[in-house]
Each structure stands twice: as structure tokens, then as C-alpha cells.
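In: Build me a structure from this.
(2 chains)
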Amino acid sequence: MNALLTMHLPALPILLPFIAGLLLLALPKLGFPQRRLFSGLALLLQIGVALLLLSRVSGGDIFVYRLGDWAAPWGIVLVADRLSAWMLLITTVLALAAAFATGNGDDRRGPHFHTLFQMQLFGLAGAFLTGDLFNLFVFFEVLLLASYGLQLHGGGGDRVRGGLHYVVLNLIGSTVFLFAAGLLYGALGTLNMADLAQRAAQVPASEVGLVRTGGLLLFAVFALKAALLPLYFWLPAAYASTSAPVAALFAIMTKVGAYAILRHQSLMFGPDAGPVADLFAPWLLPAALLTLLLGMFGALAADRLKRMAAYLVVASVGTLLVAFSLGTAGVAAGLYYLPHSTFAGAALFLLADAIARRREVVGESLREADGELPQAPLWGTMFFVSAVLIAGLPPLSGFLGKVVILRAAYGQPAAVLIWTAILFTALLGIIAMARAGSRLFFKTDRAQPSAPIGVRRHDLLAIGSLLALALALTIWANPVLEFTQATATQLGTPDIYIRAVLGAAESGS
Amino acid sequence: MEAMISLMIGVLTATGVYLVLRARTFPVVLGLTLLSYGVNLFLFAMGRLRVGAPAVIGSGDSYADPLPQALVLTAIVIGFAMTAFTIMLALRARAELGNDHVDGRG
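Out: As a prediction, the model looks like this:
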């Protein structure tokens, strides 16, 4: 039993949500409380599997799962290394918190919310684990199709308008992905990522142009998923208009793009990749810095809290990709910042929704004319904690994350620029959060009773667990940073990955 | 044959890009469809063009690369589903927003 489990462990994170989703589809008579319970239990199981996988790979082993036992360059492989296990754990934990928030009734507006939710996790897990470029495309489609359904769930003019842009842009992105995969296959004759890396490093001069074009097209697609400048315009409308649990889950969606950029940058286009070395580098840092700046400007200008949270997601992607462009130390810092920004961003979306439901007429509007809230010490406290997290003030994980990123930037050629940009945007973040907080919670209407109307235990549980996760990241910062450092070192030597997938004999040839 | 295929891919893609940039949802959906036709042909051509060669080893003197054909099949299926989804979404947008502009106005 134990041997069987170990053997199939890398496939389980993909299979579990898929089976859970199918079962939910096959049981149409199930009531919503039961659906939530089932979805929650499936999520607990997925978290358990992700933890188990993480504990197995944290020693530095790379698990390779050959589907149908076909040898690597011919068959499709799933590869679990530290990075994929880390992303899986973050995703499943975030999904559980988002699933708590469905208790407020957003899932009742259509019959298949939980099926789509599980299918979304299916696509995410597949994207993190696959070792095949075309398979990555397929899992991207799975997660996108599920996300279209989730984003539009419940309907309404705003959602449809934001969704139309989101869907059309991502379909164009998929087309570009296919062009890129075709180019790489045409030039290199393989789609296995390890094999691609090996062959790209020795590509003959006549094909270098094709490989570089294919690689940069891939970068464009991942930048679209990650919402990197100038490809982020779809994000604010899509995220701000959708329901709270979905927006919270979508906090990981931009990180999939960042993950794909990191994976391909380290594996195929790393510093030792010969003619295609450092292909993404000239684009990554400038685009990331501009994304960070414009995301924060957007957050300052936003007139609704959800829109502000969406722009903060854009800014956090900017920060993350700045870190990923800084070599091994930067990747380690970024992998610490990634879960922090995901949890904090998701918490802010859920808070915005909870506030919106308390103010029936004006929602989460931040305009002065739109009336005052009754006193809400509990929401105010939670907002304050997430503001401290997001703005990166001491003593919480946002501060630690930014410190390690700044330390990684120290001594780099662009250090002054990076320090200026990150510190300046941190100031903008503080101003934006302080403005929103004082508008919502400071000037309250004392005439209204401060009774906890609208405080629902689902919201409390969801937001509380996200904030607790961020707190855990702060308390256990040292072990987490040690782990992300080990992950970055593993990514820095792509030979380990290539040898694990293709076998020692072939990579030596 | 190479020139014709590449011309076809170019025309399909250029038309697709032009239509995707239109302001009404129907041309946009058509543009997405044309783009996916273009990319399917492109994927197919990436296995090199050979005349009279089946994608089965041992059935003739030479054989064609079967992998791009499998990729194209997958891409066609996904593209088909996505087109159906976009058409439904465009109709929904027409109903919810009262017009067929991609930004939902006038």
C-alpha cells in the first residue's frame, strides 16, 4: 500500500480534484450544504496529499511519473520537485479558505459552482506538475475554461463585460501559446521540457532564431497570464466584478503565469543555456518594475475596494517578478513573497465583499459622498491587519518578504532602481490602504447601532484562516526561507531536473 | 506546396488578427476562429510537409511525423469548445448589456 502510494503520489494531486469534480457532477440531487461539505473534504484530502508530496521532495528528490510507463522524451511525464510541491500546497490551502467563503451563498446562483471549482484545481495542479510543454497548454486550457465559468458564475452586466475581455484575451493567448509550442517543436523536435532544455542549449546556429522566437512568444503568453505590463488590462475588471470566493481563488491565477516564467527561465533559458541563455532577462525586470508602479497607481486611483484589491494583485505580481529576475537569492525571496501576497490579496477580496454586503446601496465604494459605515471594530481590525500585510509594514510577512527581496537586489546592477521602485511603491501602498481604511472605518456613523450585523462565521473563518496563514509565514519565516532557498538552488541547477526526467545515461551524451 | 501553405497560414492569421481587433463581438468570434485555423495549419506544418506518407511506421517507404497530427487534433477539440463558449458569452453579453459592442456600449 505504501509503495503504491509513493509510486502514484505525483499523479494524485491532479486526479483527486478531477474525481471530486466528476462526482459532484454525477450527483445532481445533492443539496448545497452537502456539496460544500464534499468539496471541503476533497480539499482537505488534497492538502494532505500536497503536504505528503512536499515532505517527500523537500530532501531534494525529484519524482518523475511516467504516464503509461512510456520513457521520458516520448511519453508524457509529471514531474514533482520542490517548486511544484510548494505551489501545490499554496494552491490547495488557498482553495480551502476560498471554499469557506462560499458559505455566504455565492455558490447557490448556479448548479455547478463546486464542480467548476474542483476543475479549476485540477487544471492548476496539472499546470504545476506537468513536464511537457503541450501538456502545459492543455492544463492551461482546463484551468482557464473552469475560470471562465467561475468568473461569470451568477451573471450580471459587469461580470459579463469583464468576462468577455478576459475570455477573448486568454483565447488569443492560447493561440500564441500554440504558435510558440509549434515553433519549438519544429526547431527542436521535442515537447518534453527537460529534453527541450537539453536540445535548446546545443541548437545549431541556423535554428537559434526560431528557438528564440518560440521562447519569447512563450514569455508573452505567460506574461499575459501573470498580468505583466502591458498585458494586465483584463485583470482589474474581471477580478473586481466576480464573486468573492472566486476572486480569492484567482489570487493564485496570476501566480501560475509567474510560475511558468520561473520554470522556463530556470530550465530552458538559464544562464548556461548557450545560444538561448537569459532569453527572458532583458524583458523581465523592466516590465516587472513598470507593472509594480502602474499597479500601485491603479490602487491609489481606485474608487472601489475590490478594484483596489485587483490593482494590488497586479502590483504584487510586479514585485514577485522583480524578485524572480534577481538570480538564485531573488528566486528564494520571491518564493517566500508568493504565498504571502496570494493570501493577503485573497483576504482583501473577501473583506471587500463582506463590507459590500453590509452596505447594501453603495457596496465597497470608497467615495466620500457614498455614506458611512456603522462602527465595525472586527472588520476594521481585519482590514488593518491585511493593510499591514499588503503595504509591507513590520512586523508581518509582507515586511519580511520585501526585506529579503531588497537584500537579493543588493549588489545587482539595477539595485538603485529596484530599491527606489519597491520602497516608493510601498509608500504608495500605505497611502492607498490608509485612504481606504479611513474612508471605510475611521469616519463611522455613530448613530447606527454597532451590532455585528452581517458578521457571518463563513467570512470570519475564511478571512481569519488567510490572515492566520500569513501570520504563520511570519512566525516560521526561517524554516520557510530555508526551504525556498533550497528550492532556488535546485532551480539554479537545471541538470538535476533534466537528469531526473531523461535518466543519467542520456543527459551525459 | 510550402509557399502555398505558408501563404494560407499568413492570410488566415492576418485576417484573424484584423477581425479580433473589431469593436463588435461577432467579428471578434470569427477572428478567433480564423486564428485557430491558422495555428492548426501551422502546427501541422511543423511536422514537415510530406506527400503520400502515412503517419504509420512500416506502411510505406517513408512516414510522416504523427505527433503534430495528434497535437492538431487536441487543438481542434479545444478550439471547438472555446468557440462554442465564446458564442454563448457573446450572446449573453448582447442580452445583458443591450448591444454587441465589446466594451458594452453604443
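In: What residues sit buried inside stretch A:458-475?
Out: Neighbour counts over stretch A:458-475 (16 or more other CB atoms under 10 Å in any protein chain shown) mark A:458-460, A:462-467, A:469-470, A:473-474 as buried. Backbone N, C-alpha and C define where each C-beta goes, glycine included.
In: How about stretch A:346-364?
Out: A:346-359, A:363-364.
In: Give me the neighbour count for residue 5.
Out: Picking chain A for this. 11 (other CB atoms under 10 Å in any protein chain shown).
In: try again with chain B
Out: B:Ile5 has 14 nearby residues by other CB under 10 Å.
In: contacting residues around the one helix or strand it maps to?
Out: According to DSSP states H and E, B:Ile5 maps onto helix B:2-20. With contact meaning CB atoms under 8 Å, 6 or more residues apart in numbering or on different chains, helix B:2-20 is reached by A:168, A:172, B:27-28, B:30-39, B:41-42, B:45, B:49.
In: can you check stretch A:29-48 too?
Out: A:13, A:16-17, A:20, A:23-24, A:89, A:92-93, A:95-96, A:99-100, A:102-103, A:107-108, A:113-114, A:117-118, A:121, A:125.
In: Among the residues you listed, name the buried ones.
Out: So, of the contacts of stretch A:29-48, A:13, A:16-17, A:20, A:24, A:89, A:92-93, A:95-96, A:99-100, A:102-103, A:107, A:113-114, A:117-118, A:121, A:125 end up buried under the neighbour-count rule (16+ other CB under 10 Å).
In: Give me the distance between stretch A:396-406 and the centre of its chain.
Out: 18 Å (CA atoms, centre = their mean, to the nearest Å).
In: same check, this time on stretch A:126-133
Out: With CA atoms, centre = their mean, you get 15 Å for stretch A:126-133.
In: That stretch vs chain B: in contact?
Out: No - residues of stretch A:126-133 are not located near chain B by CB under 8 Å from any CB of the partner chain, the shortest gap being 10.3 Å.
In: check contacts around the closest residue to A:Arg457 other than its chain neighbours.
Out: Leaving aside its chain neighbours, A:Arg457 sits nearest to A:Gly103 (7.8 Å; criterion: CB to CB, 6 or more residues apart in numbering or on different chains). Each residue near A:Gly103 by CB under 8 Å, 6+ apart is listed here: A:Arg36, A:Arg456, A:Arg457, A:His458, A:Leu461, A:Ala462.
In: Double-check the last one against A:Leu350; I have them as touching.
Out: It stands for A:Ala462. Yes - A:Ala462 sits in contact with A:Leu350 when judged by CB atoms under 8 Å, with a separation of 5.4 Å.
In: Buried residues in stretch A:391-399, which are they?
Out: A:Ala391, A:Gly392, A:Leu393, A:Leu396, A:Ser397, A:Gly398, A:Phe399.
In: Next, count neighbours for A:Asp106.
Out: 18.
In: actually A:Gly40, not the one I wrote
Out: A:Gly40 has 17 nearby residues by other CB under 10 Å.
In: Please list the residues of chain A that sit near chain B.
Out: A:134, A:138, A:141, A:145, A:148, A:152, A:155-157, A:160-161, A:163-165, A:167-168, A:171-172, A:174-175, A:178-179, A:181-183, A:185-186, A:191.
In: buried sites along the longest helix seen in chain B?
Out: In chain B, ranked by residue count with DSSP state H as the criterion, the top helix is helix B:66-97. By neighbour count with 16+ other CB under 10 Å, helix B:66-97 contains the buried residues B:67-68, B:71-72, B:74-75, B:78-79, B:82-83, B:85-86, B:89-90, B:92-94, B:96-97.
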